[in-house]
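Q: Fold the following for me, if possible:
(chains A and B)
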Amino acid sequence: MSEVMKDRITDIGPPKYDTMWPDYIKDNYGKWLYHEELEPGVLKHVTETGATVFTVRIAATRLMTTLHIRDLAAIADEFCGGTLRFTTRNNVEFMVADQSKLEPLKARLKADGHLIGGTGAGITNIVHTQGWVHCHTPAIDASGIVKSVMDELAEYFHDKRLPAKVRISLACCLNMCGAVHCSDISILGVHRKPPLIEHDRLLNVCEIPTTIAACPTAAIKPYNFEDEKGEKVKSLQVNADRCMFCGNCYTMCPAMPLADPQGDGVALWVGGKVSNARSMPMFSKLAVPFLPNTPPRWPETVDAIKKMVEVYADGARPYERYGEWIQRIGWETWFKLVGFEFTTHHIDDYRFAMTTWRSSTQFRFTD
Amino acid sequence: MPLTHQTPLLDELEKGPWPSFVKDLKRAANEGNSDTANDLLGQLELSYKQKVGHWKHGGIVGVFGYGGGVIGRYSDSPHMFPAVEHFHTMRVNQPASKFYSTKALRTLCDIWDKHGSKITNMHGSTGDIVFLGCRTEALEPCFADLAKAGFDLGGSGSALRTPSCCVGKARCEWACIDTQDLCYSLTMTYQDEMHRPAWPYKFKFKISGCPNDCVASIARADCSIIGTWRDDIRINQDEIKKYADAGFNIEKHVVGLCPTKCITYEGGTLTIDNKNCTRCMHCINVMPKALRPGTDTGATILLGAKAPILEGAQMGAVVIPFLKLDGSAEEVEDQYRELKDFIEKLWDWWDEEGKNRERVGELIQRLGYRAFLEAVELDPIPQMVKEPRSNPYIFFREEEVEGGWERSVEEYRSRHQA
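A: This next block holds a predicted model:
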């Protein structure tokens, strides 16, 4: 055994959750009675015994350096007894038990340039994937689009209210590491050109049967490529008409890249939710099949999302999530309101497509 | 160190009210002397110019004895950006529900400053702390320092992915189950399944304390565990009165929006027909001071959620409507064991029958619910479906049919002319 393996510690798991708690969490664990939102980003939780904890939530970037983490830790040391918390949507929460510390904490966060908000019926942080910062299969960047969209929607984070919360998410390809398929609004990176095939490299880096099997539409078949010496080399061929640009072949086979500056861009989706409140969880549905990839600010995407938020703000009833609102008014009305073109791409042609076709004479005229 | 790349496109992302990752990366490069951050900015600027990514496909790297927890990543332009030639990710298992002592946070920062790029994700989609940008030779020493500090790697590849959960009983009155404790228990029991990928594909546990499902488990967890209750919603009529006195329209916003119309509000008193309540949380969400979940608490277990690749997105489907998860320490341990026994039956079946890269939800679709129920030894119940099938294609089995399937043509023809 090498030096490295000597006294090696493995499989210890994460630190136990309660080792991270301050007294105001430890003492009140499981005793919570209710909470209220004092203002966007500020929550008051009260226990059965009358103890309180105030939480201040701030916007954060998921991509964060240790310098920034140390800054946040310093604030937590000064005000919060040395504890902070990250939320599932990449926000940061600072908690104080003593109400007299609440205003100074807020003042300090604001002085440091942090945005307080992200609770209740507004727009909170966008959950997202890696994009061009780290991923090998992205069709779009992630952090830059999130920044561009949230710059435009920031007032809904810290100030303006909506009928209900609007959850936005982004995934930079169809793999959807962020599971964006159940969000009020989702931003998805899509490819539109079939994979290139590097015939001279394919056999060295890919398994032919697993790559063929990876194609959901059976568009990939074996192909004998004739190399420079006139020798037949095993490779693959793609029936481009059957390609739906999912990128699954590239996941299996590095010799089949799809990414392309013109081919790649953004699709927008609408009306999904995961909460069980009122209606059952819903998938997001296609709103815009394609918008161009336009760094550094993606104006077409930002404008479309802003429009989607504005029509919802005007039209939905209190507590009605985006998808519930569209169910009530009908998709035909929604397309009319939002002004997006309805195209053949909006009509499902994958498996079980017919379950989404309208089998009823009930609909609204929108002309 | 000074920034060595011109980044006019990325500089645009320093403007505006939302926090800027570009500012933060520049600071790490400048003030933090991270040459990785500097070259990351350079490569990202190139991607912004060319509208494509610049990371190579794959790369198998890791720490000794583990098959996961590290995602290999290499730049395809190392001649221009040598400091991101290796840009591997380490997934570090987060403490359940992401509370951190500042001491622990600084320890993590110290370790990452010493071995890596100073760049992280807090947190990745699965829930891990993500150390972004590690060189191959730094993986093992970084892992050793993490282990000494009490941290371990999370899951990746065809393994159990790092379980995650909502804030739970630590700071939420609606948590019907102890999400953090269950998350920790599953994580500790299945360290081997997390660190040594041995399955057809990935498997995710996500645990939410109530049907609001703040970790989106129903959308993305192969096994979604969602807290619920089976007795009555607790009502505080005094607080109901206060909501009404404050001008809150209970009839419109509560009674009118109840999906099963099981709430009545008459003479200032709110009544719930709990037998018909489907525990959607709406009334509790909007009147948190007056209404609370019941006290006979446990979890609904749903299986099969996943994102679209391959066969299309699926949401979790109810398999166990109610598993009691509350009681004394020993009772809870037994309840956890019951859950784990179920999960292990599921894994055995999936391991045996699953095709390469087939998630549990897809296997259940391919082989049918009946095969699945037999494998996990559960009986069918109406809670498993929204509605019974509407097509007539029932796969009756021979043993269900009187007289079996063996018949004689001669005997048939003796009664029917051809």
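
Q: Which helix or strand contains the most centrally placed residue in chain A?
A: In chain A, the residue lying closest to the centroid (Cα atoms, centre = their mean) is A:S169, at 2.6 Å. Secondary structure from DSSP states H and E places A:S169 in strand A:168-171.

Q: which is the next helix or strand following that strand?
A: strand A:185-190.

Q: just for chain A, where's the confidence low?
A: The model of chain A has pLDDT under 70 over residues A:1-4.

Q: how does it look with 90?
A: Counting by pLDDT under 90, chain A has low-confidence residues at A:1-8, A:175-180, A:227-228, A:350-365, A:367.

Q: Show me the helices in it, by range?
A: Applying DSSP state H to chain A gives helices spanning A:23-26, A:66-79, A:102-111, A:143-158, A:199-205, A:208-214, A:248-252, A:299-315, A:322-329, A:331-338.

Q: Take those helices and write them to TSV, including distance to chain B and mean neighbour count.
A: Using the backbone N, CA and C atoms, a C-beta is placed for each residue, glycine as well. Below are the helices of chain A laid out as TSV (distance: least, Cβ to the nearest Cβ, whole Å; neighbours: other Cβ atoms under 10 Å in any protein chain shown):
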stretch	distance to chain B	mean neighbour count
helix A:23-26	5	16
helix A:66-79	4	20
helix A:102-111	12	16
helix A:143-158	3	23
helix A:199-205	8	15
helix A:208-214	6	17
helix A:248-252	6	23
helix A:299-315	11	18
helix A:322-329	9	20
helix A:331-338	19	18
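
Q: With A:G122 as the reference, name the closest of these.
A: helix A:143-158 (4.7 Å; Cβ to Cβ).

Q: just the angle between the closest one and helix A:102-111, please?
A: 150 degrees (axes from the mean of the first three to the mean of the last three Cα atoms, to 10 degrees).

Q: Helix A:143-158 vs helix A:299-315, what angle?
A: Using the same axes, to 10 degrees: helix A:143-158 against helix A:299-315 is 20 degrees.

Q: Counting by contacts, list what helix A:143-158 packs against.
A: strand A:168-171, helix A:299-315, helix B:21-30 (3 or more Cβ pairs under 8 Å, 6 or more residues apart in numbering or on different chains; DSSP states H and E).

Q: count of residues packed around residue 341?
A: You didn't say which chain, so I picked chain A. By other Cβ atoms under 10 Å in any protein chain shown, the residues close to A:E341 number 9.

Q: ah, no, chain B please
A: Look at B:D341: counted by other Cβ under 10 Å, it has 12 neighbours.

Q: Next up, identify which helix or strand it is on.
A: Following DSSP H and E, one finds B:D341 within helix B:329-353.

Q: starting at the chain centroid, how far to the next helix or strand after that helix?
A: Next helix or strand after helix B:329-353 toward the C-terminus (DSSP H and E): helix B:360-367. With Cα atoms, centre = their mean, to the nearest Å as the basis, helix B:360-367 stands 19 Å off its chain's centre.

Q: Tell me the residues of the stretch 151-300 of chain A that contact chain B?
A: A:151, A:154, A:171, A:174-182, A:210, A:213-214, A:216, A:246, A:248, A:250-251, A:254, A:257, A:259-261, A:264, A:272, A:274-279, A:281, A:283, A:293, A:295-297 (Cβ under 8 Å from any Cβ of the partner chain).

Q: Pull up the per-residue confidence for B:P2.
A: The model reports B:P2 with a pLDDT of 84.

Q: hmm, back to that, run through the bridge partners of the residue nearest to the centre of chain A.
A: Note on A:S169: beta-bridge partners by DSSP bridges are A:V127, A:S186.

Q: shouldn't it be in contact with A:T124?
A: No - using Cβ atoms under 8 Å, A:S169 is not in contact with A:T124, being 10.6 Å away.

Q: about what we covered before: same list, the helices of chain A, but as TSV with distance to B:H416 please.
A: Output for the helices of chain A, formatted as TSV (distance: least, Cβ to Cβ, whole Å):
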stretch	distance to B:H416
helix A:23-26	78
helix A:66-79	82
helix A:102-111	86
helix A:143-158	70
helix A:199-205	59
helix A:208-214	46
helix A:248-252	52
helix A:299-315	65
helix A:322-329	54
helix A:331-338	54
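
Q: how many neighbours does residue 98 have?
A: In the absence of a named chain, chain A is used. Neighbouring residues of A:D98 were enumerated by other Cβ under 10 Å; the total is 13.

Q: Sorry, I should have been clearer: chain B.
A: Neighbours of B:K98 (other Cβ under 10 Å): 24.

Q: what residues are up against it?
A: A:R85, A:F86, A:T87, A:T88, B:H123, B:G127 (Cβ atoms under 8 Å, 6 or more residues apart in numbering or on different chains).
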